[in-house]
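Trainee: I'll drop the sequence and a predicted model, then ask my questions.
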Amino acid sequence: MTESKSTSTPAGALWKKLTSIKLTVWILLTIAAAAVIGTLIPQNKPTVYYQNYFGDRLYAVLSRLDLLDMYHSLWFQALLLLLALNILACSLDRIKTVFKIVFEKTPSFSPNAFSKSGATEPVTIDKPVDQVLPLFRARIKRKFSRTAEQQADNDIFLFAEKGRFSRLGVYIVHSSILVLLAGALIGSLFGFEGYINLPEGETTDHVFLTNSDQPYNLGFSVRCDDFSVSFHDNGQPKEYRSSLSILDGNELVLKKDILVNKPLGFRGVRIFQSSYGTASAKNIDLTFTSRKTGMQYQKTVDIGQAVNLPEDLGKFTANRLLHEYLFQGKHNIGETLIGTLTRGDDREMVALPVKFRGFDKMRQGEVIITVNGLEPVFYTGLQMRNDPGVPLVYAGFLMIIAGIYITFFLSHQRYCVKLTGSGNKTTVTVYGKANKNQTAARNKARMLSHKLTELIINTDTV
Amino acid sequence: MESAFLLSIATFVYGLAVVCYMAGFSFKFKPAEKAGTIVTAAAVMLNLAGIITRWIESHQMGIGHAPLSNLYESLVFFAFSIGAIYLFMEIKFKTRTFGAIAVLLAFIALAYASLSPDIDQQIKPLIPALQSNWLTAHVITCFLGYAAFAIAFGISLLYIGLKRGGDTEKNSLAATLLPPAEVLDDLIYQSVIFGFFFLSIGIITGAVWANTAWGRYWGWDPKETWSLVTWFIYAILLHARLVRGWQGKTIAWISIIGFAAVIFTYFGVNLLPGLHSYQ
Ligand code: HEM
């Protein structure tokens, strides 16, 4: 059918284009070039980043060309689609011919199909043909999946063949790429990817989607019971561990610790350890020094709590613990406790860096506050994903490996052994032919010739 | 460290093997070439011994892991792969003509690992993301692939050199010393298919690992992207040869370009931000 399509019709011309290897090369080159650009321009950064980096003008251009979220852009996906069409068309175009060869019931062997280029040097044996033939025949039947025999004039031809199915290897590789793309498509259509920063002790029933920051309802709840991080002696992180509980309604259904590389799976959603940080603090040990009397008072608070101070100094509330803080908008003073000091109608915000103890003196207030220590309350950064395309993708992976192996390391080999008898002598010539690598085919023909003649010599000595 | 000592001897022995092959090749002196094979085999064994010793050392330090986790260790394994694959090809294809250039590449990789002041040789514990068996499978297969491509690159250089000499004067030095162009051409093809097979497995094991560590099998991270680009270049080479029947110079050039992509995937990507950069 496909062969009969003429290139003179538009459809035929299009088909010809689609099945050409030239198109394949161009698509692969274009995807490669695009992908390279994508590694040079950082992808999916906030707008501000690009404006600083490229300036407003260039940013507008790049953004218009979809170069900032390239791998998800329409044009990039169109390229992938074209690749898929190319492979599909190419395979359909060829498959009929290949199937004919592979699934042929009665292969027609003909001496003319073998060229001189695959022939070995003729070897002459001191035995008549009728003694040589049965030995050869038995040997060839044992080693090859299909054999045949023909007689013409003075010559007897033994045909042998194996590895016919290796011709399908290319199609396995090519269809694996279609399977991979299908898996990726399914994943992007029906899967989700989200994140949540979950403080120790807290529970969530949703995550925020990575590409839109919209909340996404999980259908169950996750509680972080504990987070811990341990370090090697040289300060390198050794292990991040979150102890999680999965709750269905109020019922505990699963308790498990997750590590990087050891995620947890529940109802198709996989939960990954991805980051951590300090969410807040408890048992914050504070000293309040009265400027007037010089008296010092020790107090312990948790984030969110307030304490009343003596000497009519007012009330202190511990609001938040920040990982870093820019004092007066420019000096980074590291981990900082933010609190509010209330005295009558006066409310004052105070920033108390954990590392600099005397810092609060600068404020010149009635009370000087120092943080002596605190217990951090961690949050664990969880990634959650559901990707229903993964099984297909993994199937594609296996197909690629198997397909490449079959394509390159097996071949469809055909041999023709010609026996020419003259009196008490037989001349043996082996012709080899393979669907690729003719040099190897000739070498193998040589080996076969060698093995066969050895057969005769061995029976001689017995 | 014992392993560092073993590996510096291995570097030296690779160098010696190059000298043997060169001597045998230039003076058409067979025994020197044969010595080249034996010396290369010794260097490969020493290289392997160095890798195993380093593994044991990491266990003695209480942070045991396969020595495949940073730039130094990967270069050491790269050198080993080049040596081992070269020996395999020498036996399989029964030619020693590309011994000098192939073993030279192993020598360069190992010398660079041992001598460059920029490369940290210390055994360090694995950061959590690297604590996975997939890492081992991924690095081994990728570097077997890279090594085969390195050998293809070496032969391509020889081939192009041969063609240069051969075109101008029929009996140029290169033309008399080297095997016929068809043999080199076939060797390029054979090493590329070997490399392509392993690079494919390397990319796939990397994807499976990424899926267990981060829940995504592909994220267009620069290293992933560049390895795909490399894969495409070699796929183009194979199609040009198998479908179009291109041979010779064009294939040699594509193989050189492909190896440039390999080198960029390996070193250049560290200049770009991403998960993979080995510090
Ligand atoms: C990356 C995506 C790939 C695309 C888009 C692609 C596409 C194509 C196309 C269009 C052809 C021409 C078909 C024809 O003219 O009959 C072809 C042929 C071929 N491809 Fe691929 N291919 C890809 C990957 C591979 C891979 C990875 C291999 C390695 C095993 C491979 C091996 C072959 C072979 C051996 C042929 C010749 C088939 C024949 O002679 O029938 N292809 N490919």
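Mentor: Arrived safely, thanks for sending.
Trainee: Shouldn't B:Trp220 be within a helix?
Mentor: No. Applying DSSP: H, G, I helix; E, B strand; the rest coil, one finds B:Trp220 to be coil, outside a helix.
Trainee: Quick check: closest non-adjacent residue to it.
Mentor: Distances taken as CB to CB, 6 or more residues apart in numbering or on different chains place A:Tyr71 nearest to B:Trp220, at 4.8 Å, with adjacent residues excluded. Where C-beta positions appear, they are placed from N, C-alpha and C, glycine not excepted.
Trainee: repeat for A:Phe144
Mentor: Excluding the flanking residues, the one nearest A:Phe144 by CB to CB, 6+ apart is A:Ala160, at 3.9 Å.
Trainee: ok, what's across the strand from the one you found?
Mentor: For A:Ala160, the beta-bridge partners are A:Thr147, A:Tyr415 (DSSP bridges).
Trainee: What is the neighbour count of A:Lys451?
Mentor: Neighbour count of A:Lys451, defined by other CB atoms under 10 Å in any protein chain shown: 12.
Trainee: Break down the stretch 1-150 of chain A into its helices, ranges please.
Mentor: A:10-18, A:21-40, A:47-64, A:74-103, A:129-143 (DSSP state H, counting those that start in this stretch).
Trainee: how would you label the single nearest residue of the stretch 251-400 of chain A relative to the ligand: helix, strand or coil?
Mentor: Per CB to the nearest ligand atom, A:Ile400 is where the stretch 251-400 of chain A lies closest to the ligand, at 7.0 Å. Following three-state DSSP, A:Ile400 is assigned to helix.
Trainee: surely it meets B:Ile204?
Mentor: Yes. Counting by CB atoms under 8 Å, B:Ile204 is a contact partner of A:Ile400 at 6.8 Å.
Trainee: A:Pro353 and A:Ile303: what is the separation?
Mentor: Between A:Pro353 and A:Ile303 the computed distance is 16 Å (CB to CB, to the nearest Å).
Trainee: of all the helices of the stretch 1-150 of chain A, which lies closest to A:Glu251?
Mentor: A:Glu251 lies closest to helix A:74-103 among those, at 42.3 Å (CB to CB).
Trainee: winner for burial among the helices of the stretch 1-150 of chain A?
Mentor: Of all the helices of the stretch 1-150 of chain A, helix A:21-40 has the most neighbours on average by mean count of other CB atoms under 10 Å in any protein chain shown, namely a mean of 17.
Trainee: elements contacting that one?
Mentor: Here helix A:21-40 touches helix A:74-103, helix B:222-242, going by 3 or more CB pairs under 8 Å, 6 or more residues apart in numbering or on different chains; DSSP states H and E.
Trainee: export the ones you listed to TSV and tack on distance to B:Leu87 and mean pLDDT?
Mentor: Shown next, in TSV, are the helices and strands packed on helix A:21-40 (distance: least, CB to CB, whole Å; pLDDT from 0 to 100):
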stretch	distance to B:Leu87	mean pLDDT
helix A:74-103	37	87
helix B:222-242	23	92
